[in-house]
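Novice: Any chance you can model this:
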Amino acid sequence: MIKNIIKRIRLYLFPPKYEIVGKWRDDLIWCPSQCYLNIKVNKRHFVVYLRWRHSDPWTANLIEVIPDGSFNDDDSIEWYPLDIHHWKGNNNLDSIKKDVLNSVNEWIKINN
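Specialist: Reported below is the predicted structural model:
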């Protein structure tokens, strides 16, 4: 019971910067490999988009979407590049995803 109270207090004092909606979707074919994660920042909805090509390192972008997770029909889709370490290949995918979510937090600090 005390652990639950401490957890609630910690969440109240230090709320998460984003809310994860669903799970990572991994499409790890040879080239390109891609991973997607839907998140919510305040009332805005985003897709975290990771992409890797065999000759390039992983890149990460934050893409604003409409609440159901789909893209707007017009050309106003906003892509925000995320600054991540220089990762190659799929060997460290869990580390890459952690790095990307840290970068999402940094983006939120700057842009919200």
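
Novice: Could you pick out the longest helix of the protein?
Specialist: When the chain is parsed with DSSP state H, its longest helix is helix 93-111.

Novice: Quick one: distance of that helix to the chain centre.
Specialist: 6 Å (Cα atoms, centre = their mean, to the nearest Å).

Novice: same check, this time on stretch 50-63
Specialist: Taking Cα atoms, centre = their mean, the mean C-alpha location of stretch 50-63 is offset from the chain mean by 12 Å.

Novice: Repeat that for stretch 93-112.
Specialist: 6 Å.

Novice: Contacts made by that stretch with the rest, please.
Specialist: Stretch 93-112 is contacted by residues 17-18, 24, 26, 28, 35, 37, 39, 41-42, 48, 50, 58, 60, 62, 80, 82-85, 87 when judged by Cβ atoms under 8 Å, 6 or more residues apart in numbering. Heads up, the C-betas are built off the backbone N, CA and C, glycines and all.

Novice: So for it, what gets flagged as buried?
Specialist: For stretch 93-112, the neighbour count (16 or more other Cβ atoms under 10 Å) marks L93, I96, K97, D99, V100, L101, S103, V104, W107, I108 as buried.

Novice: need the next SSE after the worst-scoring helix or strand of the chain on mean pLDDT, C-terminal direction.
Specialist: Here the helix or strand of the chain ranked lowest by mean pLDDT, DSSP states H and E is helix 2-13, holding a mean of 70. Going down the chain from helix 2-13, the next helix or strand is strand 19-27, by DSSP states H and E.
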